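Student: Take a look and give me a structure for this.
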Amino acid sequence: MPGKKHNQKRHDIDSTRSPLLNANESSSRLESLNITMKDYTLGEKITFDVANGKKITLPELNEEQIELVQKEVCIEYMRNAIHHPNWVGWPDATHDYKNVGFVLQALNHNTARVLLVIDDAPVLDLLALQYGAYRHWGYTLHIDEATVLRPHLPPPEYEEDETAAEPPQQTAPKTDLLGMEVA
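Tutor: Have a look, this model is predicted:
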């Protein structure tokens, strides 16, 4: 079959002759990302270089958390919510940002990028769980120079208006607005 021969030739190409390999700094970053991903043991503490020269360190997972990311419910959520075919490409397709503190953007059926992370311990704990689930189930979660780490800011405090605390005064409804009675 001619098609089979053609495909076989594609696989036999010597990757060291590719002009794209070692062409620039970004390829070495990608290489180091791939090395980091290969060396990751489920649940271990891991650090990523992110935008603006900052670092994100995901904490170690305990045994209970490791068991959680290995449950089928995680892969089902990833397949049917984060990587749902109708939502791929939309940041925060699950609208969870306000609850979890990070935004994932699905890039395809099994790869996502972390766009934004709030620098807060509970957020980093959840992101560590998410990263562990991606790794366990063979998915890819990019946390890299495109990821922005934002400081955790407490919610703004508003001065309470004393008049707002009082219930509005109700007046008796007027039954005779036009001066005539309707039968």
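Student: What is the burial count for residue 108?
Tutor: A total of 11 residues lie near residue 108 under the criterion other Cβ atoms under 10 Å. From N, CA and C alone the C-beta is placed, and that goes for glycine too.
Student: Would you list the phi and psi of residue 66?
Tutor: When quoted as degrees, to the nearest 10, the phi and psi of residue 66 stand at phi -60, psi -40.
Student: Ok, the one 4 residues further on next?
Tutor: Backbone dihedrals for residue 70, given as degrees, to the nearest 10, come out at phi -90, psi 0.
Student: residue contacts, it?
Tutor: Counting by Cβ atoms under 8 Å, 6 or more residues apart in numbering, residue 70 touches residue 136.
Student: Leaving out chain neighbours, which residue sits closest to residue 130?
Tutor: residue 141 (6.7 Å; Cβ to Cβ, 6 or more residues apart in numbering).
Student: Go ahead and confirm the one you found touches residue 128.
Tutor: No - contact criterion Cβ atoms under 8 Å: residue 141 and residue 128 do not qualify, at 10.8 Å.
Student: How confident was the prediction at the residue nearest to residue 130?
Tutor: Listed pLDDT for residue 141 reads 95.
Student: Point out where the chain drops to low pLDDT.
Tutor: 1-38, 89-90, 92-93, 160-183 (pLDDT under 70).
Student: mind listing the helices for it?
Tutor: All helices of the chain, identified by DSSP state H, fall at 2-12, 25-39, 63-69, 72-77, 97-100, 121-136, 162-165.
Student: Remind me what the fifth one packs against, helices and strands.
Tutor: Using 3 or more Cβ pairs under 8 Å, 6 or more residues apart in numbering; DSSP states H and E as the contact criterion, the neighbours of helix 97-100 among helices and strands are helix 121-136.
Student: quick revisit: run a quick neighbour tally on the residue nearest to residue 130.
Tutor: 20.
Student: That'll do, ta.
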